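**Q** Predicted model and sequence follow; I will ask about them next.
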Amino acid sequence: MMVTKIHCAHILVEKLSIAQEIKTKLSSGESFSKLAQQYSIDVSKKRGGDLGLFGRGIMVKEFEKAAFELEKGQISDIVKTQFGYHIIKRLD
């Protein structure tokens, strides 16, 4: 069955170097939601980066492609869009 909606959180930053630093912190077990609150420039930071459920065609193409490829609980590589650098976590 084709998944139509997924639940993700993300961290959005302006610089690649900051995104790389966050990826390192995530690798060492730091909390995704705490890092989102600390670093993200998106309004979702208040909710730990939680974007809620969304379907295809809502997010920019690069973001959507990366998000829909993730397994539940998985964290993406750094994804560049016109908004900056995203790290995406699939919640459900």
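**A** Structure's in. What do you need?
**Q** all contacts plus neighbour counts: C-alpha atoms, from now on.
**A** Fine.
**Q** which residues are in contact with the top strand by length along the chain?
**A** What stands out as the longest strand in the chain, according to DSSP state E, is strand 5-13. With contacts defined as C-alpha atoms under 8 Å, 6 or more residues apart in numbering, strand 5-13 is touched by 19, 35-36, 39-42, 44-45, 48-56, 67-68, 83-92.
**Q** which stretches of the chain have low pLDDT?
**A** Within the chain, the ranges that satisfy pLDDT under 70 run 1.
**Q** residue boundaries of the helices in it?
**A** Ranges of helices in the chain, per DSSP state H, are 16-27, 32-39, 61-69.
**Q** Put the alpha carbons of the shortest one into PDB.
**A** Taking Å, rounded to 0.1, in the frame of the first residue of the first chain, the C-alpha atoms of helix 32-39 are listed here in PDB:
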ATOM      1  CA  PHE A  32      16.000  15.400  18.300                       C
ATOM      2  CA  SER A  33      13.200  17.600  19.800                       C
ATOM      3  CA  LYS A  34      15.600  19.400  22.200                       C
ATOM      4  CA  LEU A  35      18.000  20.100  19.300                       C
ATOM      5  CA  ALA A  36      15.100  21.400  17.200                       C
ATOM      6  CA  GLN A  37      14.000  23.700  20.000                       C
ATOM      7  CA  GLN A  38      17.600  24.900  20.400                       C
ATOM      8  CA  TYR A  39      18.600  25.400  16.700                       C
END
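**Q** got the angle for it vs strand 5-13?
**A** Computed by axes from the mean of the first three to the mean of the last three C-alpha atoms, to 10 degrees, the angle separating helix 32-39 from strand 5-13 equals 40 degrees.
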